[in-house]
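*Asks:* fold the following.
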Amino acid sequence: VEGYTNYPIRVHLETQAICNAKCSFCPYQAMDRKGQIMSDVVIDKLINDLSGIPKDHMFQVNPYKVNEPFLDPRLPRVIDSLLQRTHCNIFLISNFNHLPCDSYDQLKVLSRAHPKRLALSASLNNIDEQSYKSLMKLSLPKTLQNLDSVHADILNNSLQCGLTITTVPSSFKEAQKFYDTVSSRYPLAKVVIYHTNTWIDSIVGPERDVILDLLIGELPCSRWSDLSIMSNGKLALCCMDAEGIVDLGSTTSSNPLNLY
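*Replies:* Numbers count the residues shown, from 1 in each chain. Sure, this is the predicted structure:
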């Protein structure tokens, strides 16, 4: 296909399917693999497989899929291994409500050792405390306290990476309030407004086959350059295929680059 390459541009690597949030727009609560933890052996195999991507092909690894990456204490070690053994950049999305000191301190060290290869993104979603709690079932003051620390560390250069803060608003008014408030509080961050996505497994009835045919054969989508690896080792169609409904094979027994 014109415009695409023999290697992925973006790789989602879900080391475990565990999250502390209950976002109303996310399928996590009903996932079949909820609680699944990818073994160290499989993680090491996958990183070794990804090291086969040629050095002249730039790619990004997102160490998450449908989960909260900071809940995995192995996260810094996984990122370190990826940075050491491949030439990828790391893009890490978190809700930042859970920010363990040990993992975060290691992440800061890695950001200084590998400048410009690490970027963070916070799924903040709402700046109103009650709306945030209703939307994500988390404490907004705790999240903002953690983001304050992250922003301060970027300011003093102890954390050397970019920061994006995102929302999935329900109205233009809500989006404008979010943008104004967050831009003022975190001037070094880039504020991004997203629309609500349609998860493939949320489509029910006879229209599912029609939608899947469109996804596979008709619709232009940047995610064709993705590899989306779930915690059970199976390859999903894309990041919006939360349950891996489209069976593309298992990365535990096959090289994901061959499956791609």
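*Asks:* helix or strand right after the helix or strand residue 11 falls within?
*Replies:* Using DSSP states H and E, residue 11 sits within strand 10-13. For strand 10-13, the succeeding helix or strand toward the C-terminus, using DSSP H and E, is helix 40-50.
*Asks:* so which residues make contact with that next one?
*Replies:* For helix 40-50, the external contacting residues (C-beta atoms under 8 Å, 6 or more residues apart in numbering) are 11, 13, 15, 61, 74, 78, 81-82, 85-86, 88, 229, 233, 251-252, 255-257. Quick note: C-beta positions are derived from backbone N, CA and C, even for glycine.
*Asks:* among those residues, which are located in helices?
*Replies:* Among these, DSSP state H puts 78, 81, 82, 85, 256, 257 in helices.
*Asks:* where exactly do the strands run in the stretch 51-200 of the chain?
*Replies:* With DSSP state E, counting those that start in this stretch as the criterion, the stretch 51-200 of the chain has strands at 60-62, 89-94, 118-123, 162-167, 190-193.
*Asks:* what residues does the third one touch?
*Replies:* Residues outside strand 118-123 that contact it (C-beta under 8 Å, 6+ apart): 23, 79, 83, 89-96, 107, 110-111, 143, 147, 150, 160-166, 189, 192.
*Asks:* now the ones in helices among the contacts of helix 40-50 in CSV, with pLDDT and neighbour count?
*Replies:* Shown next, in CSV, are the ones in helices among the contacts of helix 40-50 (pLDDT from 0 to 100; neighbours: other C-beta atoms under 10 Å):
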residue, pLDDT, neighbour count
78, 98, 22
81, 98, 16
82, 98, 25
85, 97, 13
256, 96, 24
257, 96, 16
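*Asks:* which residues does residue 81 contact?
*Replies:* Going by C-beta under 8 Å, 6+ apart, residue 81 touches 44, 47.
*Asks:* quickly note the distance from it to residue 47.
*Replies:* Taking C-beta to C-beta, to the nearest Å as the measure, residue 81 falls 5 Å from residue 47.
*Asks:* and residue 179, by the same measure?
*Replies:* From residue 179 to residue 47 the distance is 37 Å (C-beta to C-beta).
*Asks:* same question, residue 25
*Replies:* In this view, residue 25 and residue 47 are 31 Å apart by C-beta to C-beta.
*Asks:* so between these two, which is more surrounded?
*Replies:* Comparing residue 25 with residue 47 by other C-beta atoms under 10 Å, the one with more neighbours is residue 47, at 18 against 14.
*Asks:* so what's the more buried one scoring on pLDDT?
*Replies:* Looking at residue 47, its pLDDT stands at 98.
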